[in-house]
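output the structure for:
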Amino acid sequence: MSSETKAAEAKVDNVTAVMKVMAVLEGLDIDHESSLAELSQRAMMSKSTAYRFLQTLKNLGYVAQDSESEKYRLTMKAFVLGSSALGNMDLIKMADPDMAALSQLTREAVHLGTLDASTGEIVYVHKYNSHFNLCMNTRIGDRCPAHTTAMGKALMSRMTEAQLEHLLTLQPLEPRTERTLTSRQALDEQLAQARQSGLAEDLEEMDAGVCCFATPILDHTGKAIAALSMSIPTIRYHQDITLAYKANLCESGRNISRQLGWKGTD
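The predicted structure is shown next:
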């Protein structure tokens, strides 16, 4: 066999291996956790092949395995790569000046979040911490069921009925606190208000003692691709100044959306 033929075959093998690795990663992205059997079927490869690639991904830190269920999931290292891609799309870069200005003006926690459509969860992708000791503590990469958060409601308010129904099959209306919305009627009422005002609220529905409000970030097509929020302890939330903060947040959301090519006014 000639050296050229060997090189060509090696190249094909390398491409095939990369495709199989991506099939495993994409399989993990569909569900929060997956078994070896589920992944091998989803990636259309044998269990032994899937296992080999999973072990490599575990060693590299992109995949973790639950010791009890033996199911696999993506790690924060995989999220970091996704965040890098998000940053390359300029969303975080575009949102940062407005977020910094909101943080300086209000001294409250400001968050940017996106929806993981495969799980129905909001993922925090950027943040400015509160300047106060009494505040909401979050980390980049934290996840919460969409219906429990102001950001989730802001994004849900822009969904079609079919999209909303699908999300609720992923994340049923289960309580996170005593105040979490658990009825579809109550959720629909709040989404209608958010759709009209451009602002959604979470009144101690994700964390007791913390209230949030959020507005969607729209791309050039008018699709909601992210949400901007502010989190304030309940003790400070019900103050007149909060009304001004809500107006500031909505204007920041519109400004970021315009930078993404949005031409609307609502």
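
assign residue 216 to helix, strand or coil.
Here residue 216 is recorded as strand under DSSP: H, G, I helix; E, B strand; the rest coil.

please name the bridge partners of it.
Residue 216 forms beta bridges with residue 227, as assigned by DSSP bridges.

any idea how far it lies from residue 40?
Noted for residue 216: a distance of 38 Å to residue 40, by Cβ to Cβ, to the nearest Å. From N, CA and C alone the C-beta is placed, and that goes for glycine too.

residues in contact with the residue nearest to residue 175 when sequence neighbours are not counted?
Of all residues not flanking residue 175 in the chain, residue 182 sits nearest, at 5.5 Å (Cβ to Cβ, 6 or more residues apart in numbering). Applying Cβ atoms under 8 Å, 6 or more residues apart in numbering, one finds that residue 182 lies in contact with 173, 174, 175.

could you find the closest non-adjacent residue to residue 228?
Leaving out its chain neighbours, residue 228 is closest to residue 253 (Cβ to Cβ, 6+ apart), at 4.9 Å.

should've said residue 28
residue 74 (5.1 Å).

give me the neighbour count for the one you found.
Per other Cβ atoms under 10 Å, the neighbour tally for residue 74 reads 19.

where does the stretch 101-250 of the chain have low pLDDT?
Within the stretch 101-250 of the chain, the segments meeting pLDDT under 70 span 132-137.

circling back to that earlier point, which strand or helix spans the residue nearest to residue 175?
Assigned by DSSP states H and E, residue 182 falls within no helix or strand.

from residue 211, how far off is it?
Distance of residue 182 to residue 211, given as Cβ to Cβ: 18 Å.
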